[in-house]
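Engineer: A predicted structure for the sequence below; I have some questions about it.
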Amino acid sequence: MRIVECVPNFSEGRDQRVIDAIAGAVEAVDGVTLVDVDPGESTNRTVMTIVGPPESVLEAAFLAISKATELIDMRAHSGAHARQGATDVCPFVPVAGVSMEECVALAKALGERVGAELQIPVYLYGEAATRPERRSLQDVRAGEYEGLETKLASPEWSPDFGPPTFNARSGATAIGARKFLIAYNVNLNTSNAKLAKAVAWRIRDSEGPTRTPEGKLVRDGDGKLVRTPGLFEHCKATGWYISDYGCAQVTMNLTDYSITPIHTVFDACCEIAAELGVRVTGSEIVGLVPREALTDAGAHYLLRQGSSPGAPDTDLVDMAVRSLGLNDVATFDPSKKVIEEVLRDRGAMIERSLGTFADLTSAGTLVPGGGSVAAASAALSASLLAMVANLSYGAKGLEAKRESHAELSRRSQSLKAELLSAVDLDSKAYLGVVKARRLPRKSDEDKAARSRAIEEANLRAAQVPMSVLERTIDLLELADHLVDSGMEATISDTGVAACAAAAAADGACYNVLINLSGIADETHTAQLRARALDLNERAHRLADDIRGVLLGRLSE
């Protein structure tokens, strides 16, 4: 699946008629999903999040910009957020199966079309920037709408696409490609925007003026402002007052959450706000957020409480929501705010109960079959190993192994998620084989095309169980660690996990071998067959070693 995200920001957050019309233009495009529409009255700005295949998202973005051009007049616009056009900014973000280079190509294609067909000056920014000084959105938008006419008269600010003349109605649009950006606001128990700015200047990635605890600017002996370097990379921040919530906010864009995580910024805001005599009451995420950003936060707060961070993702997200106060000013619903949850296939087998899965398997239909059952067995092995690691974390007499058990639990949870996905992937891969076999074979061309399709489908059907087989080695190695380091009371659970992993290894190996029989390339199949048999043998050696240790200890 190829998924790209597009997050256009429109300079209208109050007129629902205009917002609905723009959203309608997006929803008219087949294949795209408008997953979030987030208007703000004080900012007079609406952020929309579109996901889908690249070509469809490109078309939806153009139609949305076209509708905004028709309905929004910048000459009458005012709001708390920086802006320079009716469609202020429109970034493309790679999500799944799409490279950053492809998103750059999408940005350029959209920019060229907007410039030519709508006669709007377009600046490329971020990864799509044509020159270094245009990489930063903040630099591209400097001067905002009010300074745009003067800016366009300067040769160095000639747009990348569109006419180099001031479009008074529509302004200019920045179109780019970037990593996933988290729009994040921290709420304060004050209406004083200056205090919010004082916090923002301390945390952002550039120098800001130093302020006293009372919020006053600090100057040196010559009367010049004293400036302090910001704390965090990839953090664009300022402060404002939001009348909708009746509080001041530290508002920021986190442009690389892997380097500057949400929880690190939130904790810093709490400390700095306390120095200024105010309190953080909570925070909000505008638009969507990657699940990893919240699971990392949940693990961070569990560790601070002395608990194991290797909890299921749902528990980690819940911990993050409560610890960050994400329900402070508006309800945070993970099913609508976490991008993986929004895109999740609610009809997938792993969304159903164990009883339903057993019934589906027993029904005599083509799927689910042995490959899916093998993947499910491996996933249950991972679940047991996570349980053992979590119970062993900090247990009496095992305190010195806390860090090791934390890592084992996290690794087990990661394997569990990967293997659960394989339950559905295996069934889909086999249905691909069935579909290929049903292709027409009337002409020689049909027969050749069918043969190629069958071979490609069989290769895909072999790759899924091969990945499960590879993961069983990881599971058994984790089990081997836990046999030695885990709580004595959980040793039988570790043994069951090893048995489930060994059974999964057999099942996955059988499914690799049967699918290789439909591939004509004998050299390739010989290599894959040898690898499958070698992995299965390794799995059973590990399982036998664990079995021997367990029987010895349990028989004492």
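Structural biologist: In hand now; what should we look at?
Engineer: in the chain, what spans have low per-residue confidence?
Structural biologist: Filtered on pLDDT under 70, the chain yields the residue ranges 1, 207-208, 211, 213-215.
Engineer: remind me, longest strand of it?
Structural biologist: strand 87-96 (DSSP state E).
Engineer: Count the residues that sit near the closest residue in space to R141 that isn't next to it in sequence.
Structural biologist: Leaving aside its chain neighbours, R141 sits nearest to Q84 (5.2 Å; criterion: CB to CB, 6 or more residues apart in numbering). To be clear about C-beta, it is placed using only N, CA and C from the backbone, and glycine gets the same treatment. Using other CB atoms under 10 Å, Q84 has 25 other residues around it.
Engineer: How much space separates Q84 from T33?
Structural biologist: To T33, Q84 is 28 Å away according to CB to CB, to the nearest Å.
Engineer: Show me what counts as buried in stretch 153-167.
Structural biologist: Neighbour-count burial for stretch 153-167, counted by 16 or more other CB atoms under 10 Å, picks out 157, 159-162, 166-167.
Engineer: Break the protein into its domains for me.
Structural biologist: 3-177, 182-342, 349-554 (automatic domain parsing).
Engineer: Relative to the whole chain's centre, how far out is the longest one?
Structural biologist: Domain 349-554 sits 25 Å away from the centroid of its parent chain (CA atoms, centre = their mean, to the nearest Å).
Engineer: First-to-last residue distance for that domain?
Structural biologist: Taking CA to CA, to the nearest Å, domain 349-554 runs 37 Å from one end to the other.
Engineer: How about the first one?
Structural biologist: Separation of the first and last residues of domain 3-177 by CA to CA is 14 Å.
Engineer: Can you show me the helices along the stretch 451-556 of the chain?
Structural biologist: Secondary structure of the stretch 451-556 of the chain (DSSP state H, counting those that start in this stretch): helices at 491-516, 522-554.
Engineer: just those: most buried one?
Structural biologist: Stretch with highest mean neighbour count among those: helix 491-516 (a mean of 23; mean count of other CB atoms under 10 Å).
Engineer: Let me have the helices of the stretch 451-556 of the chain in TSV, extended by distance to A358.
Structural biologist: Listed next are the helices of the stretch 451-556 of the chain as TSV, based on distance: least, CB to CB, whole Å:
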stretch	distance to A358
helix 491-516	16
helix 522-554	24
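Engineer: check contacts around E41.
Structural biologist: Residues near E41 by CB atoms under 8 Å, 6 or more residues apart in numbering: 13-14, 243-244.
Engineer: swap in K179?
Structural biologist: 93, 100, 255-256.
Engineer: switch the cut-off to 10 Å
Structural biologist: 91, 93-94, 100, 103, 126-127, 234, 255-258 (CB atoms under 10 Å, 6 or more residues apart in numbering).
Engineer: try Q305
Structural biologist: Counting by CB under 10 Å, 6+ apart, the residues that Q305 touches are 319, 323.
Engineer: Phi and psi next, for it.
Structural biologist: phi -90, psi 0 (degrees, to the nearest 10).
Engineer: Just to check, E133 is in contact with L124?
Structural biologist: No: the criterion here is CB atoms under 10 Å, and E133 misses it with L124 at 11.9 Å.
Engineer: Settle it for me: which of the two has more neighbours?
Structural biologist: L124 (25 against 11).
Engineer: And the more buried one, which helix or strand is it part of?
Structural biologist: Using DSSP states H and E, the secondary-structure element containing L124 is strand 122-126.
Engineer: Check which helices and strands the very next helix or strand once past that strand sits against.
Structural biologist: Counting by DSSP H and E, the next helix or strand C-terminal to strand 122-126 is helix 137-140. Applying 3 or more CB pairs under 10 Å, 6 or more residues apart in numbering; DSSP states H and E, we find helix 137-140 packed against strand 87-96, strand 122-126, strand 173-177, strand 235-242.
Engineer: With that, I have no additional questions.
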